[in-house]
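[1] Sequence first, predicted model second:
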Amino acid sequence: MGFNKIAVLLTCHNRKEKTVQCLKTLYLNKIPEGYAFEVFLVDDGSIDGTSVAIKEHFPQVTIIKGNGTLFWNQGMRLAWETAAKTKDFDFYLWLNDDTMLENTSLNHILECNNEIISVTDKPAIITGACKASLKSNTFSYGGRTEKGAVIPNGTLQKCTYINGNFVLVPKIIFKVLGNLASEYTHGMGDYDYGLRAIKQGFNCYTTKEYIAVCAPNLGVPGWCNPKNSLKKRWALLHSPLGLNIKEYTIFRRKFWGAKWVVFALKAYVKSIVPTFYAKISNN
């Protein structure tokens, strides 16, 4: 009997405990009949013993070594490229190492996929809805539209923007779109991929239920936080861990055309004089 093969893709850097815990939650999932998965994980130059711990607990995981400069997008690109060269997988599943799955997460996202196929006869990208903590039902990551977060309500709902925490990409879509875009270092690659899929005529959906826990990054981003010095805000404006203005303008130009100038100007004003920007934005 043939299996539907799933490549689970992760990238990590110096988050040994979280990465091990994330993989534990993955392997606690009961695999639906007819499916099998393999894990491809990029360890991007961790010095905290992440690779050793993974080999000890999960010897079946394929570990790919990074040089410490890949961050999320480039690390995921490397994991995806490696998996695709290994065999012809039927699905690719992105998983962030700070995302803790429920025991039924895999089953649920595959059921959502089957329902979409039965209703639309067309493959789609599905992003898993994550909540902020075990004890809450507060949305943290998943699908979004221009109006904000798409809260899971027990039905299949379309979204425009996908967070990359737990995302199922069918092979057919990968064959059309290829890997994550090469232009980005850390952020924006997940949003870019969802928007590219929509431009190609595919749809993006969110799962019908919350399927994982991932604590959100709360507070004002450092690159526009008035509590930081201008020097620090400026550095974060250009950093992969901040807005990364160069790549941000690429993203905006790619999907918003000439309006990218407006977005770029707003970002500079917001970073240089954040209090003034907040004041004029609220008026």
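    Perfect, I can see it now.

[2] Look up phi and psi at residue 139.
    In this entry, residue 139 is assigned phi and psi values of phi -60, psi 140 (degrees, to the nearest 10).

[3] for the one 5 residues further on, same thing?
    Its backbone dihedrals place residue 144 at phi -140, psi 160, with angles given as degrees, to the nearest 10.

[4] show me the contacts for it.
    With C-beta atoms under 8 Å, 6 or more residues apart in numbering as the criterion, the residues that contact residue 144 are 150, 159, 160, 161, 162, 163. (C-beta placed from N, C-alpha, C; glycine too.)

[5] Could you count how many residues lie near the third one?
    Put plainly, it is residue 160. Residue crowding around residue 160 was assessed by other C-beta atoms under 10 Å; the count is 16.

[6] and the gap between the closest residue to it other than its chain neighbours and residue 97?
    Of all residues beyond its chain neighbours, the one nearest residue 160 is residue 145 (4.8 Å), with distances taken as C-beta to C-beta, 6 or more residues apart in numbering. From residue 145 across to residue 97, the span is 27 Å (C-beta to C-beta, to the nearest Å).

[7] Please say which of the two ends up with more neighbours.
    Summary of the neighbour comparison: residue 145 and residue 97, criterion other C-beta under 10 Å, with residue 97 having more neighbours (22 against 14).

[8] Pretty sure the more buried one sits against residue 25.
    No: counting by C-beta atoms under 8 Å, no contact exists between residue 97 and residue 25, whose distance comes to 10.6 Å.

[9] intersection of neighbour lists for these two?
    Listed contacts common to residue 97 and residue 25 are nil; contacts here mean C-beta under 8 Å, 6+ apart.

[10] can you give me the helices for the stretch 1-150 of the chain?
    Secondary structure of the stretch 1-150 of the chain (DSSP state H, counting those that start in this stretch): helices at 16-27, 50-57, 71-86, 105-120.

[11] hey, which of these is tucked in deepest?
    helix 71-86 (a mean of 21; mean count of other C-beta atoms under 10 Å).

[12] Identify the residues contacting that helix?
    Outside of helix 71-86, the residues that reach it under the criterion C-beta under 8 Å, 6+ apart are 7, 9-13, 38, 40-42, 44, 62, 64, 66, 70, 89, 92, 94, 96, 164, 174, 179-182, 184-189, 240-241.

[13] host element of residue 241?
    Under the criterion DSSP states H and E, no helix or strand holds residue 241.

[14] Counting neighbours, what do you get for the residue nearest to it when sequence neighbours are not counted?
    Taking C-beta to C-beta, 6+ apart as the measure, residue 241 lies nearest to residue 186, with 6.5 Å between them; neighbours along the chain are not counted. The local packing of residue 186 (other C-beta under 10 Å) involves 17 other residues.
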